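Undergrad: I need the structure of the sequence given here:
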Amino acid sequence: MIPVCRIEDLPEGESLRVEAGDATAAIAVFHTDGAFYAIDDTCSHQDASLSEGWLEGCYVECPLHAALFDLRSGEPTCLPARKPVRTHAVTVVDGMLYVHPVVRTVPGEPVHAAPEEAVA
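TA: Here you go, the predicted structure:
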């Protein structure tokens, strides 16, 4: 579980990048449509930070080549991206936002940390 920030420090329509350490790559955290979402920060098409992309509803547009990703599933909705990005569980405990990163133990088999109170 990675502490991100207090919920009031991530306003609606904003995002931020969280360094996840050795377990996974950097994570982009978004506050949109009244919920918090977390996905891998790097676009699956080319090395670009999705936390720097344009947020519209539950979608983020990559700032490099305009690939669009669904924050709920990590699936790309248009080219040039073809592969999804990983999603991560988000919880809020006592007003503090936490991300539970997915850790791959066997290629293709993600393992989620068990969240206490899922928000998104």
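Undergrad: Check the nearest residue to residue 82 once chain neighbours are set aside and give its pLDDT.
TA: Leaving aside its sequence neighbours, residue 82 sits nearest to residue 76 (Cβ to Cβ, 6 or more residues apart in numbering; 6.5 Å). (C-beta placed from N, C-alpha, C; glycine too.) pLDDT, residue 76: 97.
Undergrad: who's in contact with residue 76?
TA: For residue 76, the contact set (Cβ atoms under 8 Å, 6 or more residues apart in numbering) comprises 44-45, 67-70, 82-84.
Undergrad: Now with 10 Å, please.
TA: 43-45, 62, 67-70, 82-85 (Cβ atoms under 10 Å, 6 or more residues apart in numbering).
Undergrad: What of residue 45?
TA: Residue 45 neighbours (Cβ under 10 Å, 6+ apart): 62, 64-67, 69, 76, 79-83, 85.
Undergrad: That's all I had, so thanks and see you.
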